[in-house]
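In: Fold the following and give me the result.
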Amino acid sequence: MTSSKNIAYWRVIEPILLGSIANIIINFIFNPTRPDFILKEFLIAIMFAMILTETNRVIDFRLEKKLSWTNNLSKRFLYQLMYLTIALLVVINVIGNTYTWLIGDGFYSLNELLVINLCVFVVALLLTFFKWSVHFYKNWISAEHSLTNSAKELDELKSEFDKSSNLIELQKGNGIVQIKAEAIRFVKSDLGIIWVYYDDKKAAFNGTLVGLMQLLPQHLFFQATRNTIIRQEIIMSITPSTYGKIDLKIKDGVDDNAMITISRLKAASFRKWRNSTSN
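Out: From the prediction side, this is the model:
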């Protein structure tokens, strides 16, 4: 939204700046002692500047499809400059002369046309350079942010994958066992005890379900309910249930209750997690 507003503002400001600055410079060159700035001249100059900038904008849009600034910088610049020059010659020399002839002011002389063309070209080029500079700066900032975000996401993803080899300490009988996170198949909280199922065995985790979930890689495990954590591999079937809920049938031998119901609030998160793990 902000970007489109900036474009709209520049679309109005650019022809006004081009017409006003060019008109002031031309009047000073033609009559440096007593430059004549009248409203009619300013309006005519702005009108021609508006035609020129709109033409240049169309050229810029069409060139972007064929020649990108990032892939063909020098070629794009030469083509842009060439088309800007052609547009300037058409607007100032053809439309401008026709307009002055129609209102009865006659044609411009060759010297006058040379001064007018040169002044408008220099001002238009400077404004175009300014616009390109702003464009490249915004792209550079955007690229910096994208690179930073990508690096952050990569670190987070690496951290999640590293969790697969984390050793989880469990209580089994009177002893302590350590297993890798990737060996866990199912976790269930029952009467305050966190049971961890792995390799057709189970042991207790001395902590909370939330605490254990933080130790597990998110791409492998999903907290299906407030007292269960599941893996993709133990899901046998998925069935839509009432009110947006989801019924899961899990493999026999993992838990006595082979059905798990995911609430409507967790359903969207479950689908997203399942799609990401499937890919």
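In: low pLDDT regions in the stretch 1-150 of the chain?
Out: For the stretch 1-150 of the chain, the stretches flagged by pLDDT under 70 are 1-12, 33-42, 69-70, 97, 99-108.
In: Swap in 50 and give it another go.
Out: 1-2 (pLDDT under 50).
In: what sits against the closest residue to residue 212 other than its chain neighbours?
Out: Take residue 212 and drop its neighbours on the chain: the residue closest to it by C-beta to C-beta, 6 or more residues apart in numbering is residue 205, 5.3 Å away. Where you see a C-beta, it was placed from the backbone N, CA and C, and this is true even at glycine. Contacts for residue 205 (C-beta atoms under 8 Å, 6 or more residues apart in numbering) come out as 168-171, 187, 194-196, 212.
In: Sort out which one of those residues lies nearest residue 251 for me.
Out: residue 187 (14.5 Å; C-beta to C-beta).
In: Might you report the residue contacts of that closest one?
Out: 194-197, 205, 209, 212, 221, 228-230.
In: Pick the one among the contacts of residue 205 closest to residue 31.
Out: Nearest to residue 31 among these, counting by C-beta to C-beta, is residue 212 at 85.4 Å.
In: Spatially, what comes nearest to residue 14 if we skip its sequence neighbours?
Out: residue 53 (5.0 Å).
In: ok but that neighbour is inside a helix, no?
Out: Yes: assigned with DSSP: H, G, I helix; E, B strand; the rest coil, residue 53 falls within a helix.
In: Check the gap between it and residue 115 for me.
Out: 21 Å (C-beta to C-beta, to the nearest Å).
In: Comparing these two, which shows the higher neighbour count?
Out: More neighbours surround residue 53 than the other of residue 53 and residue 115, with 26 against 16 (other C-beta atoms under 10 Å).
In: close enough to count as contact, the more buried one and residue 19?
Out: No: look at residue 53 against residue 19 with C-beta atoms under 8 Å: they stay out of range, at 9.2 Å.
In: before we move on, back to that, quick one: which of the contacts of residue 187 is nearest to residue 126?
Out: residue 221 (59.5 Å).
In: What is the neighbour count of the closest one?
Out: Residue 221, neighbours per other C-beta under 10 Å, totals 24.
In: Which pLDDT value does the model give it?
Out: The model reports residue 221 with a pLDDT of 88.
In: Next, the contact list for it, please.
Out: If you count contacts by C-beta under 8 Å, 6+ apart, then residue 221 has 184, 187, 213, 229-231 around it.
In: what pairs with it across the strands?
Out: Residue 221 has these beta-bridge partners by DSSP bridges: residue 231.
In: Give me the neighbour count for residue 94.
Out: 10.
In: List the buried residues of the helix or strand where residue 212 lies.
Out: In this structure, residue 212 sits in helix 209-215 according to DSSP states H and E. Buried residues in helix 209-215, counted by 16 or more other C-beta atoms under 10 Å: 209, 212, 215.
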